[in-house]
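Visitor: one predicted model, sequence on top.
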Amino acid sequence: MAIATQAEKTVSVPPRSFTDRLYSYLVWGGIVLVLIWSWGPAEMVRFLNLFTDAGNMADYAGGFLSPNFRDWHYYVEEMILTVQIAVWGTVLAIFFGIPFALLSSSNIAPIWIVQPVRRLMDATRAINELVFAVLFVTAVGLGPFAGVMALFVHNTGIIAKLFSEAVEAIDPRPVEGIRATGASRLQEIVFGVVPQVAPLWISFSLYRFETNVRQATVLGIVGAGGIGQVLFESIRSFLYAETAAIILIVIVTVSIVDILSAQLRKVVI
């Protein structure tokens, strides 16, 4: 009896205040209102079509069950070109993203530099790679270079944001110690900041490379080269067997890149 009484005392929960309950009701009510507000414009009522038209989806998917690898050499060559586009797009984004990351870190640069640089990086992230690809196809013509530039510009903003957040989370004491020796601002960054953020920067870079390989397969749709262009032409020509073969090659390639990146991350970090 004494044990039960002790347990009741242990699990007793103090009642929530009226303010806390009102705040919870307002939060959950706001979420429900947002869902109701977006229900109609998003045509969520059509989710029933997933069941009523399931037969059409099955017929369409059936065309992909017999992949045709007759031109696999060509598909592999285009897939390798896609990876090469991702490599250059990622490397350029890292190279130019590091200075922007430092300039948009509030613990490195003054506020009158941080805010304009952050807004510039916001602009590059806000525009999708496909839009940049269309712009660069118009500027430099059809081909892989337009894809490289599209990935480079868009990912510069992403790299700058990820890297700057890592810089803002560093321990300030090593930097202060280096500063006490009379080191210059550049030496503080090189010897105090970079060693702390290098593992995170490498991890972010590998993750962006994996993402860029997938994104590069899409850029070919607008003429930016790579396997995406071949994939789009196959779909547009209703060549489902060839399309299935291309999709399988893309899946295998992305899986290989993911495995290699994971192994490299273990070695480096």
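Guide: Right, received. Where do you want to start? Numbers count the residues shown, from 1 in each chain.

Visitor: and G228, what's its pLDDT?
Guide: pLDDT, G228: 85.

Visitor: now do the contacts for it.
Guide: Neighbour list for G228: 82, 216-221 [criterion: CB atoms under 8 Å, 6 or more residues apart in numbering]. From N, CA and C alone the C-beta is placed, and that goes for glycine too.

Visitor: as CSV, those residues with neighbour count and secondary structure would be great.
Guide: What follows is the contacts of G228, written out as CSV (neighbours: other CB atoms under 10 Å; DSSP: H, G, I helix; E, B strand; the rest coil):
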residue, neighbour count, secondary structure
T82, 32, helix
A216, 32, helix
T217, 28, helix
V218, 20, helix
L219, 32, helix
G220, 25, helix
I221, 17, helix
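
Visitor: kindly reformat these as JSON lines containing pLDDT and distance to S203.
Guide: Listed next are those as JSON lines, based on pLDDT from 0 to 100; distance: CB to CB, whole Å:
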{"residue": "T82", "pLDDT": "91", "distance to S203": "23"}
{"residue": "A216", "pLDDT": "87", "distance to S203": "21"}
{"residue": "T217", "pLDDT": "84", "distance to S203": "23"}
{"residue": "V218", "pLDDT": "84", "distance to S203": "24"}
{"residue": "L219", "pLDDT": "85", "distance to S203": "24"}
{"residue": "G220", "pLDDT": "82", "distance to S203": "28"}
{"residue": "I221", "pLDDT": "81", "distance to S203": "30"}
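
Visitor: redo these as a markdown table? Include distance to F232.
Guide: As requested, the contacts of G228 are exported to a markdown table (distance: CB to CB, whole Å):
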| residue | distance to F232 |
| --- | --- |
| T82 | 13 |
| A216 | 13 |
| T217 | 10 |
| V218 | 9 |
| L219 | 10 |
| G220 | 6 |
| I221 | 5 |
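
Visitor: any idea which of these is closest to A150?
Guide: For those, the residue nearest A150 by CB to CB is L219; the value is 5.9 Å.

Visitor: measure the closest one to I170 for me?
Guide: Remark: distance between L219 and I170 (CB to CB, to the nearest Å) = 35 Å.

Visitor: where does pLDDT dip in the stretch 1-150 of the chain?
Guide: For the stretch 1-150 of the chain, the stretches flagged by pLDDT under 70 are 1-11.

Visitor: please enumerate the helices of it.
Guide: 2-11, 18-39, 49-52, 54-62, 72-103, 111-126, 129-140, 144-168 (DSSP state H, counting those that start in this stretch).

Visitor: tell me how far the shortest one lies from the chain's centre.
Guide: Its chain's C-alpha centre lies 31 Å from the corresponding centre of helix 49-52 when counted by CA atoms, centre = their mean, to the nearest Å.

Visitor: wait, V250 touches I227, no?
Guide: Yes - with contacts counted by CB atoms under 8 Å, V250 reaches I227, the gap being 6.2 Å.

Visitor: which one of those two is surrounded by more residues?
Guide: I227 (28 against 20; other CB atoms under 10 Å).

Visitor: now the common contact residues for V250 and I227.
Guide: With CB under 8 Å, 6+ apart as the test, V250 and I227 both reach 79, 217.

Visitor: on that earlier part again, the helices of the stretch 1-150 of the chain: which one's closest to L260?
Guide: Of all the helices of the stretch 1-150 of the chain, helix 72-103 comes closest under CB to CB, at 10.7 Å.

Visitor: the closest one vs helix 144-168, what angle?
Guide: Counting by axes from the mean of the first three to the mean of the last three CA atoms, to 10 degrees, helix 72-103 lies at 40 degrees to helix 144-168.

Visitor: show me what counts as buried in helix 72-103.
Guide: 75, 78-79, 81-90, 92-94, 96-98, 100-103 (16 or more other CB atoms under 10 Å).

Visitor: so how far is that helix from its chain's centroid?
Guide: Worked out by CA atoms, centre = their mean, helix 72-103 lies 14 Å from the chain centre.
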